[in-house]
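# just the structure for this:
(chains A and B)
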Amino acid sequence: MNVFSGHISDIKVSKSLSIVSVKLDEHNLLKTILLETPETASHLKKGNQITVLFKETEVIISTEENTLISIENKIKATIKNIEKGALLSKVILESSIGEIVALITSEILDELSLEKDQKVVAMIKVNEIMLSR
Amino acid sequence: MIKATIHKTLRSAAGKMTLAIELDVKKGQFVTLYGPSGAGKTSTLRIIAGLLSPDKGSIMVNDSIWFDKERKINRIPQQRKIGYVFQDYALFPHMTVRKNLEFALDKKQDKAIVDELISIVELEELQDRKPETLSGGQQQRVALARALVQKPEVLLLDEPLSALDIRMRSKLQDYILKVHEKYHLTTILVSHDIGEIIKMSDVVYKLQDGGVEKVGKPMTVFASNQLSGKFQFVGEVIDITKEDVIYIVTVLIGQNVVKVVAQEQEIVNLAIGDKVIVASKAFNPVLQKIEV
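This is a model prediction of the structure:
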């Protein structure tokens, strides 16, 4: 699990859904969609400290920074290390919010010729991010 | 429904312990007492049942006083409308299932309740057998039915399922929930099994050293950091396998086995037998209708 701590900077609510923005540092904001609202979950409050979680398997790696793509969360990173397995590979990314681990197929790792020290963008869809108090 | 303030100094092998507990249970609620051995769970049940007298305090059930130290009121167990089920079934060995239930009848009571209970906990086939010829789960069903013969308002269950295997447990849990609903009982269960507590209870009291450490809905009490994921279950780790650069953790949730992909960092503190919360977001699972 990728786990980071941040502060809630914005909450948009519609009926029982919310999109919550969590500021992790100067440059990085992660948005998540929840089946919760400030009414049902009192900890959803601007300024509150919160932990964001997302699975390694949900991290998408792009080699291009300005891809037009329907993924809201993008974090600039550098490949720090790669552990290559038969089918799956673990890619450890260094970013300003800390280390992010991505799990991708070894096939796509080769296809994109990802390698150590390469600059990439890690992307995570809003529905893949969970919050924890 | 039940409002109790209980103070009692208990002496055990581990030394002296003071039980100081306040309970506020609403009618129809299913409440569980949870906590380590010696925290005061069974003593609390025994005090409510009238098997043990507090040093101080009072027990009010509906509008009647079961115990009040200052007013010197202490109803005997027979005057409290309770059903009590113990871990060991405590059935009369020389009596058939039916006789065990009939023996619990009040003198003036209509026998119809015995038939009704036999039917509810599905003992029809077993009613003429003696307890020793029954499995543990079957005996516990008899004990449950017997506890309900006098139509109690309060059902007290002291770890009634801890001696049973997991499949039997789950079935008995369903029977308990069924009678809890049917007879509009207010039930207090003592249990160690978090999965069981989450399945059955509206409220859990977490006891520690004779006091109440936490009260609340089971999910709130047991989930140490609350996750926003709406797809959450409590299960038990039954296997951890390394595969390629990942680990596959097999978790038993009720009677279902699920598998979760995990990273090393997530499994370092995890051992087989550990209880875990399996969580995902409501956005991820798919539904498929089962054609019957």
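
# contact partners for the most centrally placed residue in chain B?
Nearest residue to the geometric centre of chain B (Cα atoms, centre = their mean): B:Leu189, 3.3 Å. B:Leu189 is in contact with B:30-33, B:157, B:160, B:176, B:197, B:200-201, counting by Cβ atoms under 8 Å, 6 or more residues apart in numbering or on different chains. For glycine as for every other residue, the C-beta is placed from the backbone atoms N, C-alpha and C.

# recalculate using a threshold of 10 Å.
B:30-34, B:41, B:45, B:85, B:155-161, B:173, B:176, B:180, B:196-197, B:200-201, B:204 (Cβ atoms under 10 Å, 6 or more residues apart in numbering or on different chains).

# inside helices: which ones of those?
B:41, B:45, B:173, B:176, B:180, B:196-197, B:200 (DSSP state H).

# looking at this, B:Asp110 is in a helix?
No: counting by DSSP: H, G, I helix; E, B strand; the rest coil, B:Asp110 is not found in a helix; it is coil.

# quick one: the helices in chain A, in order.
A:106-111.

# repeat for chain B
Along chain B, counting by DSSP H, helices occupy B:41-49, B:97-103, B:112-120, B:136-148, B:166-182, B:194-200, B:218-222, B:264-267.

# can you pull the residues of chain B lying near chain A?
B:223-231, B:243-246, B:260-266, B:279-284 (Cβ under 10 Å from any Cβ of the partner chain).

# kindly recompute the last result at 6 Å.
B:225-230, B:244-245, B:263, B:266, B:281-283 (Cβ under 6 Å from any Cβ of the partner chain).

# now the residues you listed: which count as buried?
B:227-230, B:244-245, B:263, B:266, B:281 (16 or more other Cβ atoms under 10 Å in any protein chain shown).

# stretch B:155-171 - what's its average pLDDT?
Average pLDDT, stretch B:155-171: 86.

# return it as PDB; C-alpha atoms alone will do.
Taking C-alpha atoms only, stretch B:155-171 is exported to PDB below (Å, rounded to 0.1, in the frame of the first residue of the first chain):
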ATOM      1  CA  LEU B 155     -31.100 -13.100  26.900                       C
ATOM      2  CA  LEU B 156     -27.600 -13.500  28.400                       C
ATOM      3  CA  LEU B 157     -25.100 -15.500  26.400                       C
ATOM      4  CA  ASP B 158     -21.800 -16.300  27.900                       C
ATOM      5  CA  GLU B 159     -19.500 -17.400  25.100                       C
ATOM      6  CA  PRO B 160     -22.100 -19.900  23.900                       C
ATOM      7  CA  LEU B 161     -20.300 -20.600  20.700                       C
ATOM      8  CA  SER B 162     -16.600 -20.700  21.600                       C
ATOM      9  CA  ALA B 163     -16.500 -24.500  21.800                       C
ATOM     10  CA  LEU B 164     -17.900 -25.000  18.300                       C
ATOM     11  CA  ASP B 165     -16.200 -25.300  15.000                       C
ATOM     12  CA  ILE B 166     -16.500 -22.400  12.600                       C
ATOM     13  CA  ARG B 167     -19.300 -23.800  10.400                       C
ATOM     14  CA  MET B 168     -21.500 -24.700  13.500                       C
ATOM     15  CA  ARG B 169     -20.700 -21.300  14.900                       C
ATOM     16  CA  SER B 170     -22.000 -19.500  11.900                       C
ATOM     17  CA  LYS B 171     -25.300 -21.600  12.000                       C
END
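
# coming back round to it: in CSV, list the buried ones among the residues of chain B next to chain A along with pLDDT and distance to A:Glu111.
Listed next are those as CSV, based on pLDDT from 0 to 100; distance: Cβ to Cβ, whole Å:
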residue, pLDDT, distance to A:Glu111
B:Leu227, 79, 35
B:Ser228, 78, 34
B:Gly229, 80, 32
B:Lys230, 80, 35
B:Asp244, 83, 18
B:Val245, 87, 18
B:Gln263, 89, 23
B:Glu266, 85, 28
B:Lys281, 88, 29
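
# name the nearest of these relative to A:Ile71.
Of all those, A:Ile71 sits closest to B:Lys281, with 15.6 Å by Cβ to Cβ.

# look up how far A:Leu53 lies from that closest one.
10 Å (Cβ to Cβ, to the nearest Å).

# now do B:Leu144
Distance from B:Leu144 to A:Leu53, by Cβ to Cβ: 42 Å.

# so between those two, which is more surrounded?
B:Leu144 (24 against 19; other Cβ atoms under 10 Å in any protein chain shown).

# enumerate every residue touching that one.
By Cβ atoms under 6 Å, 6 or more residues apart in numbering or on different chains, the residues touching B:Leu144 are B:Val85.

# one more pass at 10 Å, please.
Neighbours of B:Leu144 in contact, by Cβ under 10 Å, 6+ apart: B:83, B:85, B:89, B:117, B:120-121, B:123, B:155, B:157, B:160, B:172, B:175-176, B:178-179.

# what of A:Leu88?
By Cβ under 10 Å, 6+ apart, the neighbours of A:Leu88 are A:56-57, A:103-107, A:109, B:243-246, B:261.

# so for those residues, which is the shakiest by pLDDT?
Comparing the contacts of A:Leu88 by pLDDT, B:Asp244 comes last, at 83.

# ok, back up a step: who wins for neighbours among the contacts of B:Leu144?
Neighbour counts for the contacts of B:Leu144 (other Cβ under 10 Å) peak at B:Leu157, which has 27 neighbours.

# partners of it in the sheet?
B:Val85, B:Leu189 (DSSP bridges).

# and the gap between it and B:Thr187?
7 Å.

# overlap in contacts of these two?
B:30, B:32, B:83, B:176, B:180, B:200.

# switch the helices of chain B over to JSON lines; also include distance to A:Asn2.
Shown next, in JSON lines, are these (distance: least, Cβ to Cβ, whole Å):
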{"stretch": "helix B:41-49", "distance to A:Asn2": "40"}
{"stretch": "helix B:97-103", "distance to A:Asn2": "57"}
{"stretch": "helix B:112-120", "distance to A:Asn2": "50"}
{"stretch": "helix B:136-148", "distance to A:Asn2": "44"}
{"stretch": "helix B:166-182", "distance to A:Asn2": "34"}
{"stretch": "helix B:194-200", "distance to A:Asn2": "27"}
{"stretch": "helix B:218-222", "distance to A:Asn2": "24"}
{"stretch": "helix B:264-267", "distance to A:Asn2": "10"}
